[in-house]
Every structure is written in structure tokens, then in C-alpha cells.
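*Asks:* below is the structure, and that's it, no one-letter string:
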């Protein structure tokens, strides 16, 4: 796509460029047609005048009026392509006759309704509104009854199809009064198409565990405490505590004007404000305070829907709150003896906190339609984290809870056994009821043996950082020059106290840094490099986070990536790393100015390290001096304003640091992190193997013990005997970490080192039942379904087909479509050019055909023009039976598809063999006549002869006809067609297998994707249950 040229708007916003004689109706949002219709009209006009996208973008201001023109001029610098302009216009001016967000949110499912109909209608509205998939899923669930919505949240469907499948099953289970639900069932279902029992659907018993009782307990406890779980975003409790005060250092009110918003944004703000009013979270105000409201981008919804208040001015006056954050070391110590965990997430946590009536006026915010003030604690206030954390901590302390801890709105419940865990959960839910706390079920995780908490993985007394934290250095490539070597050594030198024999390991590399020494990377240097990386990345080199110590974030950016390191000082004031982060820039980010890139690095780092930094003061180190002004600058626009707004919720100080001293972050930003699958050094931990082998009491005459590990000797190689409890874990580790290999590769991967009885059959069954493999890998066996043919016809006009070929733009004609009609019995063809392919065009074409004879049947594809009510009415008036092809299967209409190719080839030859430029439309008639007069390869007769009795040329010796009589020729043509179809069916069926499906079978559906699009989309979806 061409970018727009240097044409700039003048002071009035108009691009000074002549539009010649192009007459196009402008777009006026006040009284014009809806935006989608106008864009189609504008594009059609531009095609009529042969105008490309560059011309459109350079002259579009001449065709915009009122707010549309003003909004475009304000956004001129951010719109570089025609696609970006279309997105800009459609986002701001949704047609008034289209659906709105209230149509989507208000639609609900009631007992007795058809779940499929509810799903289809609400999904259609969501897609018309261009909502993100996550928002559609949330809206679908919000419309369900509470008990069904809570059960669905446990299953966590990832896409609309999975949502419908899961919801249908839950409703079916409820109707049959079944009490057992296995939400993880879909991940291990057998997708065989033949009838299976439930035992057959699960993975083999030798490599799985039964979780039914565990899940039943989860369902029961959720059902018993239904009132604890929030029904929607605005269903939040009010903590039974004293209303909280907001103390300012000055009595001078902060009053700002509202920000200007687009019509779409204002509608979204108004909708959310109304819901907040109805929920009692805000109220109308006449406060002297006023902070502006805006919408921020919400990642999970893919658009600007997060309501934010710009409290930056008010935060500058807020008196700091010294509430200490929870000590990470203390939290980890509490979890050391736990074996089972649950993570609970408060629904809109801050909104639980009531504000003192005298202070609500300080939290007033202004919109373009009124002034309101918060009755609850809003997001964005500097003291909000401290207030909220203190209240939750005091509640847990009041009840003397020693099996749960919190970090802001996250509560971890930990126990030493499942039975004890259910009692602990019940106690926590009872406290939530007493204290009026609401939880968000979709973000809660129940009864897990391994859980992630604030960047750590906790599992039965084991605490480890996330694997990704130290992968950055591990992925670095060997240096190719002195500067790169200095960067590497500068990075590892920070951690020399963690590396045994650091000076010895580094010695070969130091030699390359000496003056007048040629850079020669030897095997010795490579060994030293590898050993340094191995020692650094396989040892516990990261310090635990200490919330009482100031954090330092070192950031840097380059033209390829951004990088950051989070550090904290020790008792000797030496900074140590807590976590690493770097990522490559997206294509559009590479166009940012250097200041924007450096600011992006800060925003990206704060997003990554949010849980460490939110609610406490920290220092940002950057080598870009211009960013020091970020907190104080006024009149920011665009992305810098959005980033400044996001940063305003943090309490930070920016310090300038020269790039030469910011080595670590600088290196991370200049070495993009690869996102390849991470390798594990060991599939199983040796200590865990020893423990589980003792628990399983493994014994046998062929087993030996080597270094306290039970092994078996096979072909002079000792293999570890894997206990039953670790087999599923081993298979999962190997299958996931090595890219879901097939059966043979899994055998080659595991059997050289591990052994257990029936290992081959267990691996075969495991791979066979992997849902990820089934949905993402093509079948190598014969595909299902024998050839179903369209019956052959014996008489003309018994059946005709219609199809269209596009792509004839600019071939000396404004017409770009070729419409082809073929008679099945005779193969006779009619061809018509046109500018479009709507129902009116097809009706006019068929009227010309019907003047010859009205057919009995018409075969077409499922183009919208053919399925429109107007086209259907036209066929009913002529009593023509309409046949539609199978979706995404053009072979159904194979006759016309083959003719398309033949005519286009003939036309191409004509156009390119003519010395003068002749419009292709004028050559079409001769091409069609030539086709109809040429004997067909199957019937052996010219189509014109079979239909009209017309010979292709006169006989040199004066014979009246050198073919059989027409009626006899038609019978022969029919027989030859039938013979050809039979042979074709035999060839086709040899590559397929007949398959009958029975009700209750689970199947996957092969999705259709256009070529060169969605390469990473699974080729199958499901599983689906066969109903009938």
C-alpha cells in the first residue's frame, strides 16, 4: 500500500491539491449515509475514475465535512495509509441504524431458551460491533444465569465455538440432574469419530489421574457460596470498614476541563458512567474539584474501553501513605509447607472501599455531559494501593487467618491436604460474606499443586523464578567483535559473586580485550563463553524481591528492540537483578522517534514489572536525558499522552544515566529475545524421581539401584524406571517442550533414558489423545466422505449454473467482473461483463437467459447476492428451483469452474495477441462463440450443436451435417458424461473412506482459511458432539 505523499493540510485543514473533474458526494456525519455505505460508494467511484489509494489519501479532505474533517485534520500525522484512514473513520462514526453496545449487553439467556439461538444472535451483534473475542466471550457469559455462568467460568472456553460446546454440555448435564463436571475434560477428550464411552474418552489410566472428585468439590463449594462471586464488573461489595479519608497537602481545589472525545468514545464513557451510577459507585456532583476522564486501550478487549481519570494534578497534592507492602520473604516462608493452593481475585478490588462523605468531592471527574464524584476508591489515586492493601490485610488479621495471605487484590489460600483445603476455602468464603467482599470467578484458580504468584512458581515447598526471567542472557550469540564482547562481559560481571572460578573462566576472553590484539574467536573462547552462560543461567542467580528496598529499573531502546532490568540494592548498596525483560519492536513501533522509543521502553518495563512497582516509589534509569521531563510536561498528545497517563499511577523518579554505564539494559535492547520453545535441561528432577520411586515401592528381578536411583539395563544402557506418579508429567514435559512431536519421535526422545512397562503403548495413546495435536495437525490417513455428484441432465435448460470471475480491473475497461452461465446438458456458455456482482446484476443477466427458455433448476454458490431475499423472490416468480453449493467447496459447481478457466485463458490470449489496445469486453463475444463452437472434451460435440444444432464450420464436400442428429447426439453426450463421472468417482473414492457418524460421537471440524492468511490458525476446531 502506498503511503500518502507530502501534501499537507493548510491552516483550514484542507489538502491543497486539485481534484479535477472528480465528482463524489462528501461524507458528513450529521446528515450523510452511514460510514460503511459511504466508504463503499467512495471506493466504487474512485475505481470508476481509475484512482488509486495514494490519490484517495491525498484528496480525502475535499470529501469530508464538519466533524469528520476536523477529526481527520487532528489525526493527520498518525494516518499513513488508506487502510488506516478506513479504520480511523469507521471507529469514530458508527452508523446510527447499526447495533450499539447496549444491544449486546442487554441480551440474556433464560431457562427454556435455545442456547444455540442465543449464542448466534449475540455473537452476530458482537461481531457487528467489532468487539474483541475476549469481550464477546465475557458478554456471552454475562447473559447466562448465575449458576451456569459460574460453572462455565471454571471451564474457561478460549473461543466462541468452544464456548457454545461447553455451555450446551453444561445445560444438558443440568437437565439430566448429573452432578459431576470435569472442566478439564475437553483438553483430553478422544476425538475419534466412532461411538465411545466416557472411559474411552479419557487418556489411558497408566498416564493420567482422576480429578472428578476434586472438581466436584470445587463446584459444590462455589454453589454454596454463590453470593460471594460477582455477577458482573459493577457487582462489587462495600467493605464493612470506616469510610476512608483522602488527605491533601493543599486546600486549593484542582479543577480541569474535560478532554475532547469522539462520538464513539463519548458513547462508551456515557454507558459506563450510567452503570456506575446505577451501581452506586459514583454520584452526580457540584464539587469545586474536577479531573478529566478519558478512555485507555484495554489489551484483552483490543480497543479503548478502559475508563480512566487523569488524577495527575490531584496526586501531586495527595499526602503519601506509608503503609508497607507485604514482605515477599514472609509470604514465601508461609507457603513452604503447603501442597495445594488456590488463588482468589477480588472483583474490581478498589471499588470495595467506601470513601468518607467529606472527601468524595475531591474525587470528582468531569465529562462532556456532566460532573460526577466517586463514592468508592477509584483506580489512579496515588494512595489507593496503600489504603486497599491495609484493609484486606487487617481483615485477614482480624480473623487470625494463618492459611491465607494477600498481595493487593490477590489472595492465596494454601493447605497441606485437599481435605484441609476445602475447609480453608470455606472459611475464606465465609469471611467474604461477612465482610461483603466479592470475587471474580473467571480469575480464580482452585486447588492446584503448582501455582504462579508474583513472578514465582510455588510447588510443595519449592520456590523458583519464572523460567523466562533469565533466558535473555542464555540466548545471546557469541560476540563477533570487541564491542559485543565488552557488552557480554559487562553483563555477566554484575553476577561474578554467583559464578565459581569467575576469573578463571573469564581469562581467555580478557585476552581479546588487550590493546593491539587481533579479535580471534577460538575454541577456548567459545568454551569460556558457553561455561559462563551455563553457570549463570543454571544457578539461582536472581535475588528475591524485597518490597522494603527501592527498586531501580534500567531501560534502553534501539531500532530493533526495547530492554529493561529490574534491580534492588543489598546491604552494601550494590544493585542486584530481580528480573530481565526485552522484546523486539513491532513493525509500526520501528517508525517511532528515539524519544518515543525510550518512553516505550519505560512503559513496557512498567507493564512487565507491574506487580513489583505498583504502589511504591522507585527509580527509572535511562540513557535518554529528554525523558526526565516526562512527569511535568504539558499539552502532550497522542501516544505520549497515553503513556504519561499510564505512568501517572506509579510513584517514580527518572534519573539520567549514560549509555556506557547502562550496559545491561543496553545489551538487552540490542539483542532481541528469540521466542522459540524453551529447552529443559532435565525432563524430570532427579530428587523427585528418587522420592516417587520409594513411594511406589518399585521392585523386580531386572531392576538395579545406581546412586539411589532404580534403573533397568537395556542393551548395555541404564534407563531410569519411571514410577507411575511421574509418567504423565514426563510425557507432558517432553510433548510440550519439544513442539508436540509424533509417536515415533516421542519414543526416540524418551526411551533412551526412561523405562516403564508398556511405555510404547502409553506414549502412543498419549499422543493419540493430545487435543492440541488433533486440532493443529493434518490427518495422514484417508479423509472421510465419498464423492457425491450432481446428477447429469439430458435435456437443455434442465439445469444451469452461474458463476463470476473478478480481477479484470484496468484492462481497457471500467468493468471488472465476468459472469458466466452454462447449461449442464449441452455445456453451452453465455458470458456477460459488469461493474459489480450484486443481486440486481444477476437478475438482469438471468432475464436475458430466461428469454431463450426458463430453466428448471439453477445452481450457484453461496454469494450474498444469490441468497438475498430479492434474488429468491425473482426465482420464485419464474418457478425456478434454486440449488446452492457446499460452502468452501467450488467443486460442486465444477462445470462452470472449469469453463471459467478456459474462457479466461482464451481471453488472455486474445488480449495479448492484439496489436491495438482493445477493451476486453469487446473481445468477450468472439471468445464465447469460439468456445461454444469447439467440441467439448467429454461430450465430443460443440455446445452450440447440442443446444441449437449449429455446426462449427461448413463441410468442404457439402454435407448437411457431419455429426449424428441433435437428439441422438444429446443422448450420446449424456452417456459419455455419465461414463466420465463414474470414472472420476472411482479415482476420487480411492483417496477417501466412507464414514458414518452416530449421535454422541465427538468430531473436529476442518476450518476454511484463505491462502496466505492465518498461517498459525488451527486447521480444525472442536470437539463437537454429533446430535443427529
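*Replies:* That came in fine, so what should we check first? Keep in mind it's a predicted model, so treat the numbers as computed, not measured. Numbers count the residues shown, from 1 in each chain.
*Asks:* so how many other residues sit close to residue 559?
*Replies:* By the measure other Cβ atoms under 10 Å, the count of residues near residue 559 is 12. All C-beta atoms are positioned from the backbone trio N, CA, C, and that covers glycine.
*Asks:* do you know how far it is from residue 598?
*Replies:* 12 Å (Cβ to Cβ, to the nearest Å).
*Asks:* kindly report the same for residue 417.
*Replies:* Here the criterion is Cβ to Cβ. By it, residue 417 lies 51 Å from residue 598.
*Asks:* between those two, tell me which one has more neighbours.
*Replies:* residue 598 (22 against 11).
*Asks:* so where does that one fall, helix or strand?
*Replies:* If you go by DSSP states H and E, residue 598 is part of helix 594-608.
*Asks:* by contact count, what packs against that helix?
*Replies:* Applying 3 or more Cβ pairs under 8 Å, 6 or more residues apart in numbering; DSSP states H and E, we find helix 594-608 packed against strand 551-557, strand 561-569, strand 575-584, strand 617-622, helix 638-647.
*Asks:* go with 6 Å
*Replies:* Secondary-structure packing of helix 594-608 (3 or more Cβ pairs under 6 Å, 6 or more residues apart in numbering; DSSP states H and E): strand 551-557, strand 561-569.
*Asks:* for residue 61, find the nearest of the ones you listed.
*Replies:* Among the helices and strands packed on helix 594-608, the nearest to residue 61 by Cβ to Cβ is strand 551-557 (34.4 Å).
*Asks:* the closest one pairs with which strands, parallel or anti?
*Replies:* Here strand 551-557 has these sheet partners by DSSP bridges: strand 561-569 (antiparallel), strand 617-622 (parallel).
*Asks:* now the shortest one: average pLDDT?
*Replies:* Per-residue pLDDT values over strand 617-622 give a mean of 88.
*Asks:* so what touches it?
*Replies:* Strand 617-622 has contacts (Cβ atoms under 6 Å, 6 or more residues apart in numbering) with 551-555, 598, 602, 651-655, 657.
*Asks:* select the longest helix from this protein.
*Replies:* Counting residues, the longest helix in the chain under DSSP state H turns out to be helix 966-989.
*Asks:* how far is it from where the chain is centred?
*Replies:* 49 Å (Cα atoms, centre = their mean, to the nearest Å).
*Asks:* if we can go back for a sec, tell me the mean pLDDT over the helix holding residue 598?
*Replies:* 85.
*Asks:* spatially nearest residue to residue 63 (excluding sequence neighbours)?
*Replies:* residue 26 (4.4 Å; Cβ to Cβ, 6 or more residues apart in numbering).
*Asks:* that neighbour and residue 62 touch, don't they?
*Replies:* No - counting by Cβ atoms under 6 Å, residue 26 stays clear of residue 62, with 7.5 Å between them.
*Asks:* how many neighbours does residue 312 have?
*Replies:* Residue 312 has 20 nearby residues by other Cβ under 10 Å.
*Asks:* whoops, I mixed them up, residue 320
*Replies:* Around residue 320 there are 12 residues (other Cβ under 10 Å).
*Asks:* what of the one 3 residues further on?
*Replies:* Here the count is done by other Cβ under 10 Å, and residue 323 has 16 residues near it.
*Asks:* ok, it - contacts?
*Replies:* Counting by Cβ under 6 Å, 6+ apart, residue 323 has contacts 386, 390.
*Asks:* hmm, 7 Å instead?
*Replies:* 386, 389-390 (Cβ atoms under 7 Å, 6 or more residues apart in numbering).
*Asks:* between these, which is closest to residue 808?
*Replies:* residue 389 (67.0 Å).
*Asks:* what lies in contact with the one helix or strand the closest one maps to?
*Replies:* Using DSSP H and E, residue 389 sits in helix 384-398. Outside of helix 384-398, the residues within contact range by Cβ under 7 Å, 6+ apart are 239, 241, 244, 321, 323, 325, 349-350, 353, 377, 404, 406, 408, 431, 435, 614-615.
*Asks:* pull out the buried positions in that helix.
*Replies:* 384-393, 395-396 (16 or more other Cβ atoms under 10 Å).
*Asks:* could you dump those to JSON lines with pLDDT and distance to residue 798?
*Replies:* Output for those, formatted as JSON lines (pLDDT from 0 to 100; distance: Cβ to Cβ, whole Å):
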{"residue": "384", "pLDDT": "89", "distance to residue 798": "76"}
{"residue": "385", "pLDDT": "88", "distance to residue 798": "77"}
{"residue": "386", "pLDDT": "89", "distance to residue 798": "82"}
{"residue": "387", "pLDDT": "90", "distance to residue 798": "80"}
{"residue": "388", "pLDDT": "89", "distance to residue 798": "76"}
{"residue": "389", "pLDDT": "87", "distance to residue 798": "79"}
{"residue": "390", "pLDDT": "89", "distance to residue 798": "83"}
{"residue": "391", "pLDDT": "90", "distance to residue 798": "80"}
{"residue": "392", "pLDDT": "89", "distance to residue 798": "77"}
{"residue": "393", "pLDDT": "87", "distance to residue 798": "82"}
{"residue": "395", "pLDDT": "89", "distance to residue 798": "80"}
{"residue": "396", "pLDDT": "89", "distance to residue 798": "80"}
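*Asks:* worst-scoring helix or strand of the chain, pLDDT-wise?
*Replies:* helix 198-201 (a mean of 30; mean pLDDT, DSSP states H and E).
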